[in-house]
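Q: sequence? don't have it. structure:
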């Protein structure tokens with residue numbers, strides 16, 4: 001189905017293993033649709049240009065910054081938001097290792113770290129450091145976040 005410029009159309013998005021109805025126009029970004037239409041506010045708006053990572057979600061197993069993706073591009077893809085990672089080992093590890101301060105960036109970090117653990121179960125320090133570079137935290141150091149990731153990786157061995 002093609003979208004007429006400026007017109008809104010109803011589509012379905014697969015979000016957190018549930019089919020959800022949305023009404024979108026060609027220019028709607030996925031972050032806004034998730035937050036405003038679906039009430040999934042865990043993904044945070046930050047820079048709106050892909051630099052901070054606060055809006056990171058998972059699309060088909062890959063961390064994506066939802067401020068850079070049009071909602072129309074997410075049709076027929078599996079979307080997981082922080083709300084879909086309830087009680088995962090990485091969330092628990094973030095709490096245990098005090099890997100957060102204000103919490104604004106935390107959902108994006110958890111989404112990114114969860115994907116890291118899935119894609120690189122034997123990640124080296126260098127790989128972990130590289131993956132953490134895609135998100136920004138202004139409140140704390142990255143040491144606690146790195147320790148949270150390593151804790152989950154080592155518990156999987």
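A: Structure received. This is a predicted model, so every value here is computed, not measured.
Q: How about the secondary structure of the most centrally placed residue in the chain?
A: A centroid search over the chain (C-alpha atoms, centre = their mean) returns residue 57, at 2.2 Å, as the residue closest to the centre. Secondary structure assignment for residue 57 (DSSP: H, G, I helix; E, B strand; the rest coil): strand.
Q: ok, now how distant is it from residue 67?
A: 10 Å (C-beta to C-beta, to the nearest Å). Every residue, glycine included, has its C-beta placed from N, CA and C.
Q: Next: residue 13.
A: Distance, residue 13 to residue 67, by C-beta to C-beta: 16 Å.
Q: cool, residue 98 as well?
A: Plainly put, residue 98 is 27 Å away from residue 67 if you go by C-beta to C-beta.
Q: the more surrounded of those two?
A: residue 67 (23 against 12; other C-beta atoms under 10 Å).
Q: Now do the helices in the protein.
A: For the chain, the helices defined by DSSP state H occupy 30-32, 89-96, 106-119, 125-132, 143-155.
Q: mind giving me CSV with these and columns for mean neighbour count and distance to residue 44?
A: Listed next are the helices of the chain as CSV, based on neighbours: other C-beta atoms under 10 Å; distance: least, C-beta to C-beta, whole Å:
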stretch, mean neighbour count, distance to residue 44
helix 30-32, 23, 9
helix 89-96, 18, 15
helix 106-119, 23, 6
helix 125-132, 14, 17
helix 143-155, 18, 16
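Q: State the number of residues packed around residue 139.
A: Residue 139, neighbours per other C-beta under 10 Å, totals 11.
Q: sorry, that was for residue 34
A: The local packing of residue 34 (other C-beta under 10 Å) involves 26 other residues.
Q: Please name the residues that touch the residue lying closest to it once chain neighbours are set aside.
A: Once flanking residues are discounted, residue 34 sits nearest to residue 40: 4.6 Å by C-beta to C-beta, 6 or more residues apart in numbering. Taking C-beta atoms under 8 Å, 6 or more residues apart in numbering as the contact definition, residue 40 lies against 15-16, 34, 81, 83.
Q: next one: residue 100
A: Counting by C-beta under 8 Å, 6+ apart, residue 100 makes contact with 94, 106, 109, 140, 144.
Q: now, which of these sits nearest residue 77?
A: The shortest approach to residue 77 among the contacts of residue 100 belongs to residue 109, at 21.9 Å (C-beta to C-beta).
Q: residues touching the closest residue to that closest one other than its chain neighbours, list them.
A: Distances taken as C-beta to C-beta, 6+ apart place residue 135 nearest to residue 109, at 5.1 Å, with adjacent residues excluded. The contact partners of residue 135, taken as C-beta under 8 Å, 6+ apart, are 52-54, 56, 105, 108-109, 112.
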